[in-house]
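> below are the sequence and a predicted model; questions follow.
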Amino acid sequence: MPSRAAVLALAVALSGCSPVYVFKAWRGHARLLSSRRPIERVLADPATPEPLREKLRVVLDARRFAFETVGIPPTDNYTEYAAVKGPAVTWVVSASRRTRFEAKRWWFPFVGRVPYKGHFERSDAEAERAALERDDWDAACGGVSAYSTLRWLRDPVLSTMLESGPGETAELLLHELSHAAVFFKGQVDFNEAFATYVGETAGAEFLASRFGTESAELAEYRRALGERAAKAKTVDALYDELAALYGGPGSDAEKLEARKKVFERYREPLGLATLNNAVVLAHRRYRYDLSDFATARRRTGGDWRKWLAEMKSLDPKDPRADLKRRLATPG
């Protein structure tokens, strides 16, 4: 019987993806898996630097917290460690129409249509970004420190996941693990916002339990979350202003000219050298309407397991709309 990995590669090939893309994706993932080692073995190795040991201990503790406290179904994921060369494990390309917020979508088996495409080689991602721009799309390209195979393969902890503090490490682990708990095919914006809520909220709770409610680790993480929330509000304001511009009168050429001034006003507050529709959608995708998840969890009395069951029961065709309908009903 072929392995799950072989089945996945075959399914991607049959989906209409370029054979070259499939080969490079499979080669990149195989290269990553070939370097992994059990975390317990890394911890037992006397050559392992102490800072790495502590980070891996945080990973194991956060993993336990995910299963025992949050109620994410147990998995063998993140029991192994792999070092990654470079600042990112993959490079992701996304795109949008230039005079409206309409994301380009690629279709893949098991996950459906998604508004991004990953490459293991940065040069391949940059080449695709350039090709999209030649076809009159706004495009963006950025590196990511982790990705989830949704239990098709055993995902390792990557060195790129450990480059920030314990809060960000725990958040990233919880974010990726949560995809295996609740995932709706073709509903990327919902899936990512859901995982962001789990990662940030459970991440803060984990830090409080491991380091203490008055710890420097928790204080620093909360400060970072506050900065993110402020940036998200600025992105929302930019989105609303551009949406009004795109939906108003005028030709496409006039709207493209007018948006230059809008982007220029937001460039410094957001701290982004490049701003276009694709960049706005990419930032908004992970943080849009997180308050709905918080409200739903409050209704369960803060019970993670009840909340996860509620999220899993949402209408798979439009989980966001179903969640809003439920929240509109007194509970």
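Perfect, I can see it now.

> just checking, next helix/strand downstream of the longest helix seen in the chain?
Identified as the longest helix of the chain according to DSSP state H is helix 216-247. Stepping forward along the backbone from helix 216-247, the first helix or strand reached (DSSP states H and E) is helix 252-270.

> and the angle for that next one with helix 216-247?
Computed with axes from the mean of the first three to the mean of the last three C-alpha atoms, to 10 degrees, the direction of helix 252-270 lies at 160 degrees from that of helix 216-247.

> show me what counts as buried in helix 252-270.
255, 259, 263, 266, 270 (16 or more other C-beta atoms under 10 Å). For glycine as for every other residue, the C-beta is placed from the backbone atoms N, C-alpha and C.

> go on, stretch 61-71?
For stretch 61-71, burial by neighbour count (16+ other C-beta under 10 Å) applies to 61, 62, 63, 65, 66, 70, 71.

> now render those as a markdown table, adding distance to residue 187.
Compiled in a markdown table, the buried residues of stretch 61-71 are given as follows (distance: C-beta to C-beta, whole Å):
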| residue | distance to residue 187 |
| --- | --- |
| 61 | 31 |
| 62 | 26 |
| 63 | 26 |
| 65 | 26 |
| 66 | 22 |
| 70 | 21 |
| 71 | 21 |
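
> which residues sit in contact with the closest residue in space to residue 187 that isn't next to it in sequence?
Taking C-beta to C-beta, 6 or more residues apart in numbering, and ignoring the residues beside it in sequence, residue 187 has residue 319 as its nearest neighbour in space, at 5.8 Å. With contact set as C-beta atoms under 8 Å, 6 or more residues apart in numbering, residue 319 has these partners: 184, 187, 190, 311.

> my guess is the last one meets residue 194, correct?
Same thing as residue 311. Yes - counting by C-beta atoms under 8 Å, a contact exists between residue 311 and residue 194, whose distance comes to 6.4 Å.

> look up phi and psi at residue 160.
Recorded main-chain torsions at residue 160 are phi -70, psi -20, according to degrees, to the nearest 10.

> how close does the closest residue to it other than its chain neighbours get to residue 314?
Using C-beta to C-beta, 6+ apart and skipping the chain neighbours, the partner closest in space to residue 160 is residue 145 (3.8 Å). As defined by C-beta to C-beta, to the nearest Å, residue 145 lies at a distance of 28 Å from residue 314.

> can you map out the helices along the stretch 101-250 of the chain?
Assigned helices in the stretch 101-250 of the chain, in chain order: 122-134, 166-181, 188-211, 216-247 (criterion: DSSP state H, counting those that start in this stretch).

> single out the most deeply packed of those helices.
Per-residue neighbour counts averaged over each of the helices of the stretch 101-250 of the chain give the maximum for helix 166-181, namely a mean of 24 (mean count of other C-beta atoms under 10 Å).

> please name the residues that touch the residue lying closest to residue 215 once chain neighbours are set aside.
Of all residues not flanking residue 215 in the chain, residue 207 sits nearest, at 6.8 Å (C-beta to C-beta, 6+ apart). Residue 207 makes contact with 166, 167, 170, 215, 217, 218, 221, according to C-beta under 8 Å, 6+ apart.

> how near is residue 207 to residue 64?
For residue 207, the distance to residue 64 equals 14 Å [C-beta to C-beta].

> ok, now residue 37?
Relative to residue 64, and taking C-beta to C-beta, residue 37 is found at 20 Å.

> so residue 278 touches residue 95, yeah?
Yes - at 5.2 Å, residue 278 and residue 95 qualify as touching, with contact defined as C-beta under 8 Å.

> relative to residue 194, how far out is the residue nearest to residue 187?
8 Å.

> so what sits against both of the two?
residue 311.

> list residues touching both of residue 311 and residue 194?
182, 293.

> now render the buried residues of stretch 61-71 as a markdown table, adding secondary structure and distance to residue 82.
Putting those into a markdown table (DSSP: H, G, I helix; E, B strand; the rest coil; distance: C-beta to C-beta, whole Å) gives the following:
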| residue | secondary structure | distance to residue 82 |
| --- | --- | --- |
| 61 | helix | 20 |
| 62 | helix | 18 |
| 63 | helix | 16 |
| 65 | helix | 22 |
| 66 | helix | 20 |
| 70 | helix | 24 |
| 71 | coil | 27 |
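
> what about residue 139, neighbour count?
The local packing count at residue 139 equals 25, with neighbours defined by other C-beta atoms under 10 Å.

> so who does residue 44 touch?
By C-beta under 8 Å, 6+ apart, the contact set of residue 44 is empty.

> could you list every residue that touches the most centrally placed residue in the chain?
Centroid check for the chain by C-alpha atoms, centre = their mean gives residue 192 as the closest residue, at 5.5 Å. For residue 192, the residues meeting the contact criterion (C-beta under 8 Å, 6+ apart) are 285, 286.

> just say helix, strand or coil for residue 282.
Here residue 282 is helix, with the state taken from DSSP: H, G, I helix; E, B strand; the rest coil.

> sounds good, over and out.
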